[in-house]
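1. Just the structure for this:
(3 chains)
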Amino acid sequence: MKQKNDDPIHIFSRWCKKCGICIAICPKNVLERGTDGYPYAARPDDCILCGLCDIHCPDYAITVKKKKDVKETEHEGA
Amino acid sequence: MIRTSETMYKYLRPDKTFPHVWCPGCGIGIVMGALVRAIEKTGFTKDEIVLVSGIGCSGRMSTYLDFNTLHTTHGRALSFATGIKLANPKLNIIVVMGDGDATAIGGNHLIHSCRRNIDLTALIVNNNIYGMTGGQYSPTTPMEDKASTAQYGSIEKPFDICKLVEACGASFVARSTTYHAKMLDALLSRAIDKKGFSIVEAMSQCPVQYGRRNKKGSAVDMMMWYKDNAIPNPAFKKIPPGEVGEQFPVGVLVDLDEPDYLERYSQIVKKAGGDKL
Amino acid sequence: MKGHKELLLHGNEACAMGALAAGMKFFAGYPITPSTEIAEFLSVELPKIGGTFIQMEDEISSMGAIIGASLAGVKSMTATSGPGFSLMQENLGFASMAEIPCVIVNVMRGGPSTGMPTRPSQGDVMQSRWGTHGAHPIIVLSPQSVLECYTLTIHAFNLAEKYRSPVILLMDGIVGHMWENIQLPEKIEVIDRPEPSVPPDWYNPYDNLPGGEIVPLVPFGEGYRYHVTGMVHDKSGFPTLVHEEVEQCLDKLIYKIKNNLHDIIRIEEYMLEDADICIVAYGSVARSAREAVNIARNEGLKVGLLRPITLWPFPRFHLENISKRVKLFVVPEMNYGQIYGEVLKSCPKKAVRVTRVDGELITPAQIMEKIEEAAL
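-> Below you'll find the model as predicted:
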């Protein structure tokens, strides 16, 4: 799945083993399994940047932006 | 909250092969992430940390992390660590072991490390099975569960690792699971800071060798089982004994302030007159 | 411990004092007859100098602990006997593979199994060479007197540091428990661990340096973060299965000893120049052998003694040279002929053995019997 640069979640598919833990652990149901088996942020706007997917990924394949990073970007953009 | 992704790259050895060796959905990666976040929290430099590991799936952790690392023989990690600590007390030593590693072949070293209250941090990754060798039953495989060497179901009573080490005199005993990864790093950083022998048991899913044989579902299902059955210790204590089913306590289970081995040994040095040097 | 004072010591005590003189600051062990006096002595002396004594839960962990201490930069030692030595084989192999300097004292007693705890033996010669699995290098020294228990312990530490290898001091129950008046040498060479010659980023703990130079082992915690494993490893210490690297790793282990035989091997010759018969003996048996040489010479028989002080690597070339001059080797041992087998390898058809396994000393008379038999 194509990732957009401004997505709060970045998935590094080279290290991802498609276990699906991130999809299950997300409290806001942001992630979904793509047709290739890799997770992707289907509803990035719902992401609350809690980072649970990040700390539960056994393969260190997900990066979630920090809340302050997002705010700063928005501020700069405005 | 410290994110794994932002800290991990600081501690991973860049020249090692990634993705790592562990199977898809294996909890050891989550545990290693928690360990790295815990070390980051304690503020120790990489040079001040020695990571000692045994043999097995969890033993591979020492290969990936950029500390002084020692990959020992099966079950013996604690004895090597004892030598390092006593020879250079300034070093902070973390010993990573699996359930078979720590409680079967290394069981003797484990109970005596507790008894001596030697200032080490032991992280026992408990996945209820010998994973690396292909799914044989371990001292923590639940009764009647299947393994490649227990095809008719295990007939041996499993260890409760935390109860075992508590009885042997460990200063700090805690348990968490891969579902409770945030709690795991908090417990680990407390354990590292704690003087004396501290143990953190990390319940970790092995979906390939243990889960598959015992119809426990996917890695996610196994983590959800942890979510449902892990009860914070204060709440667990309130459950009447007869009503405890598969539930188990998590959090800090023991936290004692007792002199550690080195403190006691310094008294010996004093008695022998060695302090006058 | 004064330099030149005369002292009445037993072998185990002298060994422990030698270790202290070599700068040993860490001892881990488990009680076992007939080596226990070493641990007892060090439990008193080590705290006095700020060193560490610890009684571990078994010999497996004793071996583990001394490897750990050595990795932290401290000279370390353990002492045991037969059954304990069997338990140490696992981590002894680790020390060989990971190239960790340390000293293991084995005061041999009668075996197999529990055997005869209070009776001497020389039954562990082959175990000290081949006890742990896989092809590995090892250095084994055999003292014959209380003084040598002292000097060879120091030598053992020197070789361990120099060649980054475990070194075994193979005593027997007689040497360990024998009392002698000895004069400690005033000055004795002590080799300490060399400093690394490169900064951390350039450091490869298992590098193959030209000329077989051995990379210094930097203690943990000094900024040189590296990996130590019992697995076959590359020059940086990480596991490898690349066949060139595997070969390099294992070859290096063997050749660091093999290429330095002249430095490692020590022997003693007694009346060998014109000898027709050469006795090959080590440890306490060498004392009886020496007496047998004296008796034989009195009887007009040309008998001499070769005493390997270094048992492993075995002084094969010395033996081959001597075999050109002598007609017969007589090999007395408190076992069924372990070094005898090595002598046969060097010079087949020219050796006979004198064996004794009942826990009693081999007497000069027993050796003489064999010599007279052969001389007829």
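
2. Now for C:L253, how many residues are close by?
-> 21 (other Cβ atoms under 10 Å in any protein chain shown). (C-beta placed from N, C-alpha, C; glycine too.)

3. Contacts only, for it.
-> C:96-97, C:99, C:135-137 (Cβ atoms under 8 Å, 6 or more residues apart in numbering or on different chains).

4. cool, C:I66 as well?
-> Taking Cβ under 8 Å, 6+ apart, one finds B:83, C:26-28, C:76-78, C:102, C:104 in contact with C:I66.

5. In strands only, show me those.
-> With DSSP state E as the criterion, strands contain C:26-28, C:76-78, C:102, C:104 from among the contacts of C:I66.

6. any idea which element B:I268 lies in?
-> Element membership for B:I268 (DSSP states H and E) is helix B:261-272.

7. List of residues touching that helix?
-> So helix B:261-272 is in contact with B:85-86, B:89, B:116-119, B:195, B:275, C:44, C:47-48, C:50, C:52, going by Cβ under 8 Å, 6+ apart.

8. Check those residues and tell me the two furthest apart.
-> Pairwise distances across the contacts of helix B:261-272 peak at 27.6 Å for B:K195 and C:V44 (criterion: Cβ to Cβ).

9. Settle it for me: which of those two has more neighbours?
-> More crowded of B:K195 and C:V44, by other Cβ under 10 Å: B:K195, with 15 against 11.

10. Would you pull up the residue in chain B closest to chain A?
-> Shortest chain B-to-chain A distance, computed as Cβ to the nearest Cβ: residue-wise this is B:G29, at 3.0 Å.

11. which outside residues touch stretch C:198-211?
-> C:99, C:196, C:215, C:217-218, C:223-226, C:228, C:233-237, C:248-249, C:252.

12. tell me which parts of chain B are close to chain A?
-> B:1, B:3-6, B:8, B:12, B:18-20, B:22-30, B:33-34, B:37, B:178-179, B:181-182, B:185, B:207, B:218-220, B:223-224 (Cβ under 8 Å from any Cβ of the partner chain).

13. Closest to chain A out of the contacts of C:L253?
-> Taking the contacts of C:L253 together and measuring to chain A by Cβ to the nearest Cβ, the closest member is C:M97, at 30.5 Å.

14. which one is that closest one nearest to, not counting chain neighbours?
-> Leaving aside its sequence neighbours, C:M97 sits nearest to C:G230 (Cβ to Cβ, 6 or more residues apart in numbering or on different chains; 5.2 Å).

15. Could you give the number of residues near the one you found?
-> Counted with other Cβ under 10 Å, C:G230 comes out at 22.

16. Could you pull up phi and psi at the residue in the stretch 51-200 of chain C that chain A sits nearest to?
-> Proximity of the stretch 51-200 of chain C to chain A (Cβ to the nearest Cβ) peaks at C:P200, 25.2 Å away. With angles defined as degrees, to the nearest 10, C:P200 sits at phi -50, psi -40.

17. How far does stretch A:6-17 stretch from one end to the other?
-> Chord length of stretch A:6-17, first to last residue, is 24 Å (Cα to Cα, to the nearest Å).

18. mind listing what's buried in that stretch?
-> Across stretch A:6-17, burial judged by 16 or more other Cβ atoms under 10 Å in any protein chain shown covers A:7-13, A:15-17.

19. Let me know the closest of the residues you listed to B:G98.
-> Taking those together and measuring to B:G98 by Cβ to Cβ, the closest member is A:K17, at 20.0 Å.

20. Please name the residues that touch the closest one.
-> A:58-59, A:61, B:19, B:23-25.

21. most neighbours, which of these?
-> When neighbours are taken as other Cβ under 10 Å, the top entry among these is A:P58 (31 neighbours).

22. Residue 28: neighbouring residues, count only.
-> All of this refers to chain A. Around A:K28 there are 13 residues (other Cβ under 10 Å).

23. wrong one, chain B
-> 28.

24. Tell me how many other residues crowd the nearest residue to it once chain neighbours are set aside.
-> If the residues on either side of it in the chain are set aside, B:I28 comes closest to B:W22, at 5.0 Å by Cβ to Cβ, 6+ apart. The burial count assigned to B:W22 is 24, neighbours taken as other Cβ under 10 Å.

25. do C:E189 as well
-> 8.

26. Sticking with it, tell me its helix or strand.
-> Going by DSSP H and E, C:E189 is not part of any helix or strand.

27. ok, the residue nearest to A:L49 when sequence neighbours are not counted to chain C distance?
-> Closest residue to A:L49 apart from its sequence neighbours, by Cβ to Cβ, 6+ apart: A:K67 at 4.9 Å. To chain C, A:K67 is 34 Å away according to Cβ to the nearest Cβ, to the nearest Å.

28. cool, B:I93 as well?
-> 9 Å.

29. Please, where are all the helices along the chain?
-> All of this refers to chain A. Remark: helices assigned in chain A by DSSP state H are A:21-25, A:52-56, A:67-77.

30. oops, I was thinking of chain C
-> C:11-21, C:36-48, C:59-71, C:82-98, C:125-130, C:146-163, C:173-177, C:243-258, C:261-264, C:284-298, C:316-323, C:338-346, C:364-375.
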